[in-house]
Structure formats: structure tokens, C-alpha cells
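Engineer: Below are the sequence and a predicted model; questions follow.
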Amino acid sequence: MINNEALLEKLQPNRNLMLFRLDGFKGTEIPRWGRAHDDWSIILPNLVNIQLRGCQRLHGIPLLSNLKHLKFLSLAMLNNLEHMETNAIGRGGSGSKDLPFFPSLEFLSLWRLERLKEWRGGVSEEDSSSCMPHWRPPFPRLSRVCIELCPKLTSLPPCPSLESLEVVLSNKLLRILPSEGPPNLDLKLNVEVDSVGYLTTLPARCLTDIVIRDNDELKRLSEFEEVFKSSSSLQKLEISRCRRLTSVSGVLEHLTALESLSLDDIPVVDEEFEDDMPWRSLSRNLRFLKLESLSTLQMLPRGMKHLTALQDLDISHCKSLKGLPEWISCLSSLHSLTIDSCTGLKSLGAIQNITSLQKLEILDCPDLREACQEPSGKEWPNIRHIPHISFTHWWE
């Protein structure tokens, strides 16, 4: 029988090691060479990349926050790990009260850490009971964070330089603690979440891209109107597979800087789309619009006629859509139109009046394809002015 801890004990790495990866280790503790000082900045000071994966019995790992060169940290399937950085200074190590918490870390991935409850950082153990606790600046360079399947994690230390955040299948109460000091006004933040609630503790003024997907609890975006009302810099919004979402009103009208909007597999009703106001608010800057898998959509929203800056329109898998409206010619800046798997679509409306249209792509729409064939198709006279026209099936 192999003793995992004894075997790894004999494999003490060189002090100059830059990449440390431990995969499938069955021991309960890191070997003595790794926990002698409880601080890897002493024994492996040059580490740049740490990956711990599938060490399901491991219940603790040494301090990593004092590693001056660490840029990449990935922790996955550590099923017994409950706490991180319980002493953020370290015992007798090279850490300093003046050294930021994870001073060089740029990428952090936490995946399937089923028992992880907290990630302490910023206040040292020796100072935490003091009347004047010493605060260490946390994650000064951390720009990308991915958190998935961490059901008990409720908070993460502040990330003042965060640019990309993905949180899915995790604790709905998870929050990133607010940063100390003045806000970074130049920060641009891209977010992908399965709960809009995560957005409430992020700096809304910095949000530029938001993806909301796989949220079966969300019914109305207006429940979070205050978040979107403050997101004046938001440029891209994608909502996907939120199968109980019936209303986007109360939000779109605040997103006047929005350039790209994608709505995919949501049961928004036609009446919801009839309101002109949201579309009028998007008229100045919206360049790209994608409507996908809107199974009940029988006609395009009338308010879309106000989207005079729209350049790319993608309509996919809207099988109840019967035809394009006559007002489609109001899209005076439209450059590219893609129609994919809209099997009920029979006509293209007044497409002949869109003189800006340069590209028409029709995929897996057999009836429409036949209607657009040169020279006898009934739609051919309406599309022959378009320089680039293509027809394909999914199997081609």
C-alpha cells in the first residue's frame, strides 16, 4: 500500500521552483517540508503558478499570500478545505505588515470547493483583536476571478483591480468585500453570473459587460433596477437561459451607453416588447442585437424601429416568427443581417429599402431560402441589391 504523504515527503522541490502542481494527492496534510514554517514564501519564494486539484482529503494548505511572485492560483476539488489564509501575516516568515496580501496575483480560480467557508485576508491574526488592527492591502493586481461550485463561501477579500468576474453555482450570499481607499475610476469590469444578486456589491459605475445565464429564479429585471440604473458605462448585456424571466422593462431604458444586447432562451412575451421606451433609450449607441430561441416571439418588437444606429442583427431559432415587418427599413445603419433556423419565416418585409445592408446570411430556413433564389424567388427582387448573400443548412 502506497503512503502518499511519505512518498511526497521525499520529493522536496528546489527552492527556485516556479510552478507547483499537485493533482490527486490522497494525504490529509502537505508534507513537512511544505508546512515547516506555514509560509511558502520562505521555502518556495519564487513560485509564480500554483495548482492544487483533486486533493480531496487535504484539510489545510500553508500561507500563500506572502509569495511575492505568485501570479496564478487554481484550487479545485479540495473537498475538506474550509478556510484560507487564517493567518494572513505568517509566523516568522518573510511576510511583512507592509506587504500587500497576494501582492502579484493576477488570476484566481476556485472550483468545487464544497466546504470552503471563508477567505480571510488583510488583518493579521496578531492584530485582529487589537483596537487598531493593521490592514494589508489585498489583491492589488488581481484582475480575473472564477468561482464555481463553492456553495458555502460567503465572502472574498476586496479586489480593487478586478476586470473579469465569473461566479456560477455558488452561494447566493457570496460577496466581494468593498475596497478601502478611493475607488479606481478607470476600472472596467466584465461579469458573468447566474444570480443578479452578485452585482449588488460590485461597483456599478465600473460594469462594462454583464452576462446573466442559467437563472431560473429571475422573473423581472426591474427587481434589480437600482443596480442597472447606476451602470451608466455598461456596453454589453447578455441574458441567456433565464427561463422564468418574463420582463426586461425598467432596466433597458437606463442603459443608454449599451452597444451590444443578446437575449437568448427567455420567455419574454410579445406585449413586453411592444413598449417603445426601452428601445428609444438604446437608439443612439446600440450596434449589435441578437434574439435567439425566443420561442413565443411572433413578430419583432415594434420599438426596434428606433434603433437607427444598429449595424448587426442576428435572429436565431425563433421558430414562431412569421416574417420581418415593413418598418425594418427604419434600421438605416444596418450592415449585416443573419437569420438562422427560423423555420416559420416566410418574408423579409421591406428589406429592399435598407440601402446600407451589405451582408445577408440565411441558415437552415428552407422556405425562405427557396423564396430568395435567383431569379424566380419572390424575395429575390428585394435582396438583389445586397452585395454578399449566403444560404446554408446546418449539415453543410
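Structural biologist: Arrived safely, thanks for sending.
Engineer: my guess is residue 5 meets residue 55, correct?
Structural biologist: No. Counting by Cβ atoms under 8 Å, residue 5 stays clear of residue 55, with 11.4 Å between them. (C-beta placed from N, C-alpha, C; glycine too.)
Engineer: Quickly list what's touching both of the two.
Structural biologist: Common neighbours of residue 5 and residue 55, counting by Cβ atoms under 8 Å, 6 or more residues apart in numbering, are residue 27.
Engineer: Between these two, point out the one with more neighbours.
Structural biologist: Remark: of residue 5 and residue 55, residue 55 carries more neighbours, 24 against 14, as counted by other Cβ atoms under 10 Å.
Engineer: show me the contacts for the more buried one.
Structural biologist: If you count contacts by Cβ under 8 Å, 6+ apart, then residue 55 has 22-27, 77-78 around it.
Engineer: quick one: least confident of the residues you listed?
Structural biologist: For the contacts of residue 55, the least confident position by pLDDT is residue 27, scoring 84.
Engineer: Isn't it up against residue 9?
Structural biologist: No. Taking contacts as Cβ under 8 Å, residue 27 lies outside contact range of residue 9: 9.3 Å.
Engineer: Let me know the pLDDT of residue 239.
Structural biologist: pLDDT at residue 239 comes out at 95.
Engineer: Could you say which helix or strand holds residue 192?
Structural biologist: Taking DSSP states H and E as the criterion, residue 192 maps to strand 189-193.
Engineer: which residues touch the helix or strand where residue 7 lies?
Structural biologist: For residue 7, the element it lies in under DSSP H and E is helix 4-9. Contacts made with helix 4-9 from outside it, assessed by Cβ under 8 Å, 6+ apart, are listed as 25-29, 31-33.
Engineer: What mean pLDDT does that helix get?
Structural biologist: 74.
Engineer: That helix: how far from the chain's middle?
Structural biologist: 39 Å (Cα atoms, centre = their mean, to the nearest Å).
Engineer: is it fair to say residue 390 lies in a strand?
Structural biologist: Yes. Under DSSP: H, G, I helix; E, B strand; the rest coil, residue 390 falls within a strand.
Engineer: Going by the annotation, which residue ranges form each domain of this protein?
Structural biologist: 1-186, 188-292, 311-396 (automatic domain parsing).
Engineer: Nearest to residue 300, out of these?
Structural biologist: Closest of those to residue 300 is domain 311-396, at 5.8 Å (criterion: Cβ to Cβ).
Engineer: This protein: helices as residue ranges?
Structural biologist: Secondary structure of the chain (DSSP state H): helices located at 4-9, 32-35, 40-43, 225-229, 270-273, 276-282, 366-371, 380-383.
Engineer: Average pLDDT for the lengthiest strand in the chain, rounded please.
Structural biologist: Using DSSP state E to define each element, the chain has its longest strand at strand 207-213. Strand 207-213 carries an average pLDDT of 95.
Engineer: Could I get the buried residue list for that strand?
Structural biologist: Residues 207-212 are the ones in strand 207-213 that count as buried (16 or more other Cβ atoms under 10 Å).
Engineer: same for that strand, what does it pack against?
Structural biologist: On a contact count with 3 or more Cβ pairs under 8 Å, 6 or more residues apart in numbering; DSSP states H and E, strand 207-213 meets strand 189-193, strand 236-240.
Engineer: Need these in CSV (columns: distance to residue 43 and mean neighbour count).
Structural biologist: Formatted as CSV, those follow (distance: least, Cβ to Cβ, whole Å; neighbours: other Cβ atoms under 10 Å):
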stretch, distance to residue 43, mean neighbour count
strand 189-193, 36, 21
strand 236-240, 44, 19
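Engineer: Make CSV out of the domains of the chain and add distance to residue 301.
Structural biologist: Below are the domains of the chain laid out as CSV (distance: least, Cβ to Cβ, whole Å):
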stretch, distance to residue 301
domain 1-186, 29
domain 188-292, 3
domain 311-396, 10
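Engineer: Could you report the distance from residue 381 to residue 375?
Structural biologist: 9 Å (Cβ to Cβ, to the nearest Å).
Engineer: and for the strand holding residue 192, what are the contacting residues?
Structural biologist: So strand 189-193 is contacted by 162-168, 198-199, 202-203, 206-213 (Cβ under 8 Å, 6+ apart).
Engineer: next one: stretch 23-34
Structural biologist: 4-5, 8-9, 11-12, 35, 40, 43, 51, 53-62, 80.
Engineer: Which one (most neighbours) among the contacts of residue 55?
Structural biologist: residue 78 (26 neighbours).
Engineer: Just checking: what are the partner strands of the strand holding residue 192?
Structural biologist: strand 164-168 (parallel), strand 207-213 (parallel) (DSSP bridges).
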